[in-house]
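1. give the three-dimensional model of this entry:
(chains A and B)
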There are 2 protein chains.
Amino acid sequence: MIKNYLLTPGPTPIPPRVLETMARPIIHHRTPEFRKIIQEVEEDLKYVYQTKNEVLIFASSGTGAMEGSVVNMFSPGDKALVVRGGKFGERFGDICKAYRIEFISLDVEWGKAVDPKRIEEALKKDNKIKAVYTTLCETSTGVSTDIEAIGKIVKNYEAALVVDAISGLAAIPIKTDEWGVDVVISGSQKGLMIPPGLAFVSVSPKAWALIEKSTLPKYYFDFKAYRKALTKTDTPFTPAVNLMIALRESLKIIKEEGLEAIFAGHKKMAFAVRNAVKAMGLELFAPDAYSDGVTAVKVPQGVDGEKLVKTMRDKYGVGIAGGQDEMKGKMFRIATMGYITPSDLVVCMATLETVLSEMGYKFQLGSGVKALEETLR
Amino acid sequence: MIKNYLLTPGPTPIPPRVLETMARPIIHHRTPEFRKIIQEVEEDLKYVYQTKNEVLIFASSGTGAMEGSVVNMFSPGDKALVVRGGKFGERFGDICKAYRIEFISLDVEWGKAVDPKRIEEALKKDNKIKAVYTTLCETSTGVSTDIEAIGKIVKNYEAALVVDAISGLAAIPIKTDEWGVDVVISGSQKGLMIPPGLAFVSVSPKAWALIEKSTLPKYYFDFKAYRKALTKTDTPFTPAVNLMIALRESLKIIKEEGLEAIFAGHKKMAFAVRNAVKAMGLELFAPDAYSDGVTAVKVPQGVDGEKLVKTMRDKYGVGIAGGQDEMKGKMFRIATMGYITPSDLVVCMATLETVLSEMGYKFQLGSGVKALEETLR
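-> Numbering: from 1, shown residues only, chains lettered A, B, ... in the order given. Have a look, this model is predicted:
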């Protein structure tokens, strides 16, 4: 008999109140009943986004909205500036490549955050840059980027600032309007606590001006079609009805808890995780730029990282994430966002201790959980 | 106290067995447990598609897969042949336009089916046509197209045959391999009986050959990325996990019932609906080319069609669809697919009679239900 705990940085666990809504009989989407849901969701998304901008909703995974944030901004000959410090930063570059948009790559060592000054230098040098692409929380490395500082720079240029906040929205602070972020991309299965299948973008007036001029081809992710439909509280194509209903419920929970309380909780939990793994003699992957949504930890020498993750999952029911791409087998990641609680962390840390000890790693058993408790109490 | 009945051609009602799976705790998608789900779903989709071709699965609504069937097939300079006899046929043309692919339009009067000979003539005339786009069941008009006859023609040309079966798959027969259909597009919320949010395409070797040569830009809907992931029982981007789990369950139901039995049931129900509305003195919108998945009926003179649909829904809880675009207010549509049963039809027809009579339409009360019962028994 195994009880399952999910501490992956997406999908994250779904609150029972939200799960329950998914099992309700379906309703039609072109009805006053569903239009009310669109309206409520739109309003509450603006609260979470901390914005007055429209938030467009897509039936797709986050990558679809990332593609949207490229195809809607550019025309042939325009350039992009792409911060690449992990798998998801790299994806923006891949999308530009697919659409033959030249991009200047600001490559950042995995585990480090970009120095905002590098963005300013690049913008000064090249006035063909129409948009800057960066990542709030790079899920693949657990690195958090200083979006506020970048916002202060980019607002002085013609270029728009596009932030992938798929792993960050409702998990760690992003003040869309105050920080001057023109396009904020998000997904449903992280801080928003519902299953994957919805993606979101907020669009500022500065970004809309670029979008008006864009001639790259698009259809399903055409932002203007979504904006137009939204004026009639509608969607241009059939929405993912029951995910929208689940979202309405999870947004209610977020509003009840309050964004600030949620961020403070995540911050405390992530601090506890960092202290716990350090107490076990483990090393953080991003000690200088950690995110409070997901903590990346180096697999200690002599331990098979893929086996560690598999054993925790298959033998003990505790789901954490391994490393991706170049970090495969060398890293594990523990999320502290959405419906992940201190009790989940206790189980996770005890299991991590058990499995590491089974795998021959030398440390004081109990040290991780002790540090976790000390930090959390 | 109102009990709701949904008889719209998408979303269709969801069987309780399927609904229940949606409320289960979420699992991670990069696990053996989820890979097994992908494998089962893939196998059962092939059964429903009647194909040996790969069936690619997208987290999007059907339109996303329609876009995919354009951007993956063409290179600049290629031409498309598009059969346009309703809202969804027209959408193929709109997508071609968005991607600057020249298309020859075979315009068909709404309510009629295309004469396959016209497709042969067009293909003979122009060897730049790389793909023919048509619709199995045009949801907006209730028209069914003779895909078998079109398949026999197109197979003799270089062009691939692409069929929008979003409203048709698992509702009315489409024999993908036997009829030589190269790309069959579908969606989750019609015959497949789960909520909207998943889209599917099957791709034949002939279509793959075209896809290999295509240079139009694409990323999220890049068929090759999905094929590559499928070889590892994986998806290139985060899948809509709980919709996939729901799909596994609904495909099980479809296999238990058997495709032939399902088609026979829909055929009988649609025949009964046609007889019922005719008995009430109403006129079919597509008397010569009706589909057994959805029946379109003309709103009789003197009756406000939009009010009819609204009253049935808001006062009596019975959801049917109105007309779209040029047919707004002039048509209503009753679906007979997925988890819609004869009992639903009885309630629907009795309510239709009640509301038509309230609205002043003159006919013999009870005549529709009587004809329905006579046909169904």
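
2. buried ones in the helix or strand harbouring A:Phe88?
-> A:Phe88 belongs to helix A:87-98 when assigned by DSSP states H and E. Residues of helix A:87-98 classed as buried: A:87-96, A:98 (neighbour count, 16 or more other Cβ atoms under 10 Å in any protein chain shown). The way it works is simple: take the backbone N, C-alpha and C, and place the C-beta from them, glycine included.

3. likewise for stretch A:346-362?
-> A:346-356, A:359, A:361.

4. just stretch A:153-171 next, same as before
-> Buried-residue list, stretch A:153-171, by 16+ other Cβ under 10 Å: A:153-154, A:157, A:159-171.

5. with stretch A:283-297 instead?
-> Residues of stretch A:283-297 classed as buried: A:284-286, A:289-297 (neighbour count, 16+ other Cβ under 10 Å).

6. how far does it sit from the chain's center?
-> Distance of stretch A:283-297 from the chain centroid (Cα atoms, centre = their mean, to the nearest Å) equals 15 Å.

7. tell me the average confidence for it?
-> Mean per-residue pLDDT for stretch A:283-297: 97.

8. measure it end to end?
-> End-to-end distance of stretch A:283-297: 6 Å, with Cα to Cα, to the nearest Å as the criterion.

9. name all residues that make contact with A:Val154.
-> A:119, A:123, A:132, A:160-161, A:180, A:182 (Cβ atoms under 8 Å, 6 or more residues apart in numbering or on different chains).

10. in strands only, show me the residues you listed.
-> Using DSSP state E, the members of these that fall within strands are A:132, A:160-161.

11. as CSV, the buried residues of stretch A:346-362 with secondary structure, distance to chain B and pLDDT would be great.
-> Shown next, in CSV, are these (DSSP: H, G, I helix; E, B strand; the rest coil; distance: Cβ to the nearest Cβ, whole Å; pLDDT from 0 to 100):
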residue, secondary structure, distance to chain B, pLDDT
A:Val346, helix, 19, 98
A:Val347, helix, 15, 98
A:Cys348, helix, 14, 98
A:Met349, helix, 19, 98
A:Ala350, helix, 20, 98
A:Thr351, helix, 16, 98
A:Leu352, helix, 17, 98
A:Glu353, helix, 22, 98
A:Thr354, helix, 20, 98
A:Val355, helix, 17, 98
A:Leu356, helix, 21, 98
A:Met359, coil, 20, 98
A:Tyr361, coil, 24, 98
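
12. could I get the full set of helices for the stretch 1-150 of chain A?
-> Ranges of helices within the stretch 1-150 of chain A are A:16-22, A:32-49, A:62-71, A:87-98, A:116-125, A:147-154, based on DSSP state H, counting those that start in this stretch.

13. mind giving me the packing neighbours of the third one?
-> For helix A:62-71, the helices and strands in contact under the criterion 3 or more Cβ pairs under 8 Å, 6 or more residues apart in numbering or on different chains; DSSP states H and E are strand A:54-59, helix A:87-98, strand A:160-164, strand A:183-187, strand A:198-203.

14. got the residues of the stretch 101-250 of chain A near chain B?
-> Neighbours of chain B within the stretch 101-250 of chain A, by Cβ under 8 Å from any Cβ of the partner chain: A:187, A:189, A:195-197, A:216-222, A:237-243.

15. that older thread, redo the contacts of A:Val154 as JSON lines? Include pLDDT.
-> Output for these, formatted as JSON lines (pLDDT from 0 to 100):
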{"residue": "A:Ile119", "pLDDT": "98"}
{"residue": "A:Leu123", "pLDDT": "98"}
{"residue": "A:Val132", "pLDDT": "98"}
{"residue": "A:Ala160", "pLDDT": "98"}
{"residue": "A:Leu161", "pLDDT": "98"}
{"residue": "A:Gly180", "pLDDT": "98"}
{"residue": "A:Asp182", "pLDDT": "98"}
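
16. I'd like those residues laid out as CSV, including distance to A:Arg313.
-> Shown next, in CSV, are the contacts of A:Val154 (distance: Cβ to Cβ, whole Å):
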residue, distance to A:Arg313
A:Ile119, 39
A:Leu123, 44
A:Val132, 37
A:Ala160, 40
A:Leu161, 37
A:Gly180, 41
A:Asp182, 39
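
17. looking at these, spot the one nearest B:Phe74.
-> A:Ala160 (30.0 Å; Cβ to Cβ).

18. give the contact list for that closest one.
-> A:73, A:130-132, A:154, A:182-183, A:204, A:206-207, A:210.

19. if you rank those residues by neighbours, which is first?
-> Using other Cβ atoms under 10 Å in any protein chain shown as the neighbour test, those are led by A:Val183, with 30 neighbours.

20. look up how far A:Ile153 lies from the residue lying closest to that one once chain neighbours are set aside.
-> Spatial nearest neighbour of A:Val183, chain neighbours left out: A:Val162 (4.2 Å); criterion: Cβ to Cβ, 6 or more residues apart in numbering or on different chains. Plainly put, A:Val162 is 14 Å away from A:Ile153 if you go by Cβ to Cβ, to the nearest Å.

21. do the same with A:Ser75
-> Between A:Ser75 and A:Ile153 the distance is 24 Å, computed by Cβ to Cβ.

22. beta partners for A:Phe200?
-> Taking DSSP bridges as the rule, A:Phe200 bridges to A:Ile57, A:Ser186.

23. mind listing what the most centrally placed residue in chain A touches?
-> Centroid-nearest residue in chain A, with Cα atoms, centre = their mean: A:Ser167, separated by 1.2 Å. Taking Cβ under 8 Å, 6+ apart, we find A:Ser167 in contact with A:9-10, A:88, A:136-139, A:190-191, A:291, A:293-294, A:337.

24. in strands, which of the residues you listed fall?
-> Counting by DSSP E, those contribute A:137-138, A:294 to strands.

25. for the helix of greatest length in chain A, name the packing helices and strands.
-> Looking across chain A with DSSP state H, the single longest helix is helix A:259-279. In this structure, helix A:259-279 packs against strand A:294-298, helix A:342-358, helix A:367-376, with contacts taken as 3+ Cβ pairs under 8 Å, 6+ apart.

26. next up, phi/psi of A:Pro300, please.
-> Per-residue torsions, A:Pro300: phi -70, psi 150 (degrees, to the nearest 10).

27. and the pLDDT at it?
-> On pLDDT, A:Pro300 comes in at 97.

28. with A:Val201 instead?
-> For A:Val201, pLDDT reads 98.

29. how close does it sit to chain B?
-> Using Cβ to the nearest Cβ, to the nearest Å, we find A:Val201 at a distance of 14 Å from chain B.

30. name the nearest of the ones in strands among the contacts of A:Val154 relative to A:Gln50.
-> Closest to A:Gln50 out of these is A:Leu161 (14.8 Å), distances taken as Cβ to Cβ.

31. so what's the closest one closest to, chain neighbours aside?
-> In this structure, A:Leu161 finds its nearest non-sequential neighbour in A:Val154, 4.1 Å apart by Cβ to Cβ, 6+ apart.
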